[in-house]
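In: Here's my sequence, what's the structure:
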Amino acid sequence: MQVKHFMEIPQTVFPPEVSVEAVESTLLKAGYIVVVDKKGVYQGILIPLDVVRFQHRLIADCLRRRPVIDAEANLEEALVQMQQHHLAVLAVFDQGEYAGVVRQIKVLEYLNEYHRELEQKVIERTSSLQEEIRQRKEMEEHLERSLADKNILLQELHHRVKNNLQVISSLIRLQGEFIDNELVSKTLKDTADRIRALGVVHEQFCRSKNLHRIEVEPYLTQITQELIRAWTNPHRTIHSIIQITCGAVNIDTAVPVGLLVNEMITNSLKHAFVNIPEPAIRIDLREEAERNYCLVYSDNGIGLPAHITFEEPVTLGFQLISALVQQLRGRIEIDRSTGTTYRVHFLSIEKEEKRWGKKQYS
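Out: Alright, predicted model coming up:
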């Protein structure tokens, strides 16, 4: 607050030529006298103490040099000046000319009132903040409970889907054992393996603390081990090397990657290891850049025949591989120099893309 808002134009104005005795009664009543010359120029302020010390003198002889303050100054500065010089009033200048006085008592009253109002506002705001904190804490606790309930329901959903897929896979595999036609029986077995690969995704989510992303290494390891047990006899060993250097992925990426690996392993186990004394497969998955991955699958088998290509797939397995690579917006390369090697470069599928319809085949 500026001084000019509390400035007063005093009525007790005397010229410096008047004697102290002539203004004594006015001085004692008013507490001070403002002295100006004949031209109205401010000369100073006379206070009762000056009367005691300078009786039988003119006002001009009693005047002392006392501080003044500018009208644009703040009240705190005026109060400091008055307290330092023990003044009840302080002369105010506006653009170099005398403009009035400011009283210490009014300044103190205002500042005390201002401080009381400020303290009251602080108390009210503190109480308001405490209430906001309480409400926010209740909301956070509610959200935490809701999130915990949601995670439990989601985990239960993954568990039930996994069980249902296991039942379907087992029924199809069991049905295949009662069919005499070997081609149909193998087709049903392949279908059961694909369904089982889908079930592994949900099984991994049940085991994961993060219900939105799963670790790739245990996921692909489980698929590999179950396929090897299903397609080979106990007396033959197929070595598997799995090296994963990327982190967790979401379910939209995990499903097509798992099905890709399932088809590649199944093809190797069915056709690649004829007269191979120490069969082996290797799976490498790494993240080359943000959301860019490279999957390398290889076996040491007899090699993929030259007439089989992804441009014109001749089997359902190769059609699935081609479709899954497109779903991942990737590309696939085949190396037939030593066994068979598939190299797939692809992008992870994010939920935002799926929500807005950007998950397109390339």
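
In: Let me know the next secondary structure element after the longest helix along the chain.
Out: When the chain is parsed with DSSP state H, its longest helix is helix 104-177. As assigned by DSSP states H and E, the chain's next helix or strand after helix 104-177 is helix 182-207.

In: any idea how far that following helix is from the chain center?
Out: Mean C-alpha position of helix 182-207 versus that of the full chain (C-alpha atoms, centre = their mean, to the nearest Å) differs by 39 Å.

In: That helix vs helix 104-177, what angle?
Out: What separates the directions of helix 182-207 and helix 104-177 is an angle of 160 degrees, with axes from the mean of the first three to the mean of the last three C-alpha atoms, to 10 degrees.

In: Tell me which strands the next helix-or-strand element following helix 182-207 pairs with, and in which orientation.
Out: Sequence order places strand 213-215 as the next helix or strand after helix 182-207, per DSSP H and E. In the sheet, strand 213-215 lines up against strand 248-250 (antiparallel) (DSSP bridges).

In: pLDDT averaged over the strand it pairs with - what is it?
Out: Strand 248-250 shows a mean pLDDT of 86.

In: And whichever helix or strand comes after it, what does it pack against?
Out: Along the chain past strand 248-250, the next helix or strand (assigned with DSSP H and E) turns out to be helix 251-267. Where contact means 3 or more C-beta pairs under 8 Å, 6 or more residues apart in numbering; DSSP states H and E, helix 251-267 is packed against helix 182-207, helix 216-231, strand 280-289, strand 292-299, helix 316-327, strand 340-347. Where you see a C-beta, it was placed from the backbone N, CA and C, and this is true even at glycine.

In: one more time with 7 Å, if that's ok
Out: helix 182-207, helix 216-231, strand 292-299, helix 316-327 (3 or more C-beta pairs under 7 Å, 6 or more residues apart in numbering; DSSP states H and E).

In: and the second one, which residues are buried?
Out: So that's helix 216-231. Using 16 or more other C-beta atoms under 10 Å as the test for burial, helix 216-231 gives 216-224, 226-228, 231.

In: Check the shortest one too.
Out: Within strand 292-299, the residues scored as buried using 16+ other C-beta under 10 Å are Tyr293, Cys294, Leu295, Val296, Tyr297, Ser298, Asp299.

In: tell me the mean pLDDT for stretch 323-332?
Out: pLDDT averaged over stretch 323-332 gives 91.

In: Contacts for stretch 158-169 next, please.
Out: Ala192, Ile195, Arg196, Leu198, Gly199, His202, Glu203, Phe205, Cys206 (C-beta atoms under 7 Å, 6 or more residues apart in numbering).

In: Count the neighbours of the third one for me.
Out: One way to gauge burial is a neighbour count; for Arg196, by other C-beta atoms under 10 Å, it gives 23.

In: Can you tell me the SS state at Arg329?
Out: Of the three states, Arg329 takes coil under DSSP: H, G, I helix; E, B strand; the rest coil.

In: Point me to the helix or strand that includes Pro10.
Out: Here Pro10 is assigned to no helix or strand, by DSSP H and E.

In: sorry, back to before: so which of the helices and strands packed on helix 251-267 is nearest Leu87?
Out: With C-beta to C-beta as the criterion, Leu87 lies closest to strand 292-299 of those, at 78.5 Å.

In: what's the angle from that closest one to strand 340-347?
Out: Using the same axes, to 10 degrees: strand 292-299 against strand 340-347 is 170 degrees.

In: Of all residues in the protein, which one is nearest the centre?
Out: Taking C-alpha atoms, centre = their mean, the centroid of the chain lies closest to Glu140, which sits 15.6 Å from it.

In: Can you tell me, leaving aside adjacent residues, what's nearest to Ile59?
Out: Once flanking residues are discounted, Ile59 sits nearest to Pro16: 4.9 Å by C-beta to C-beta, 6 or more residues apart in numbering.

In: now do Ile9
Out: Gly100 (4.6 Å).

In: State the distance from Glu140 to Glu132.
Out: Per C-beta to C-beta, to the nearest Å, Glu140 is found 12 Å from Glu132.

In: returning to what we had before: okay, and the beta partners of the residue nearest to Ile9?
Out: Val92.

In: Quick check: it touching Phe6?
Out: No - using C-beta atoms under 7 Å, Gly100 is not in contact with Phe6, being 9.5 Å away.

In: where are the low-confidence patches of the stretch 51-200 of the chain?
Out: Scanning the stretch 51-200 of the chain for pLDDT under 70 picks out the ranges 51-55.

In: For Thr338, identify the helix or strand it belongs to.
Out: Using DSSP H and E, Thr338 falls outside every helix and strand.

In: Number of residues surrounding it?
Out: Thr338, neighbours per other C-beta under 10 Å, totals 11.

In: Equivalent analysis for the one 5 residues further on, please.
Out: For Arg343, the count of nearby residues is 15 (other C-beta under 10 Å).

In: Tell me how far it lies from Asn151.
Out: For Arg343 relative to Asn151 (C-beta to C-beta), the value is 37 Å.
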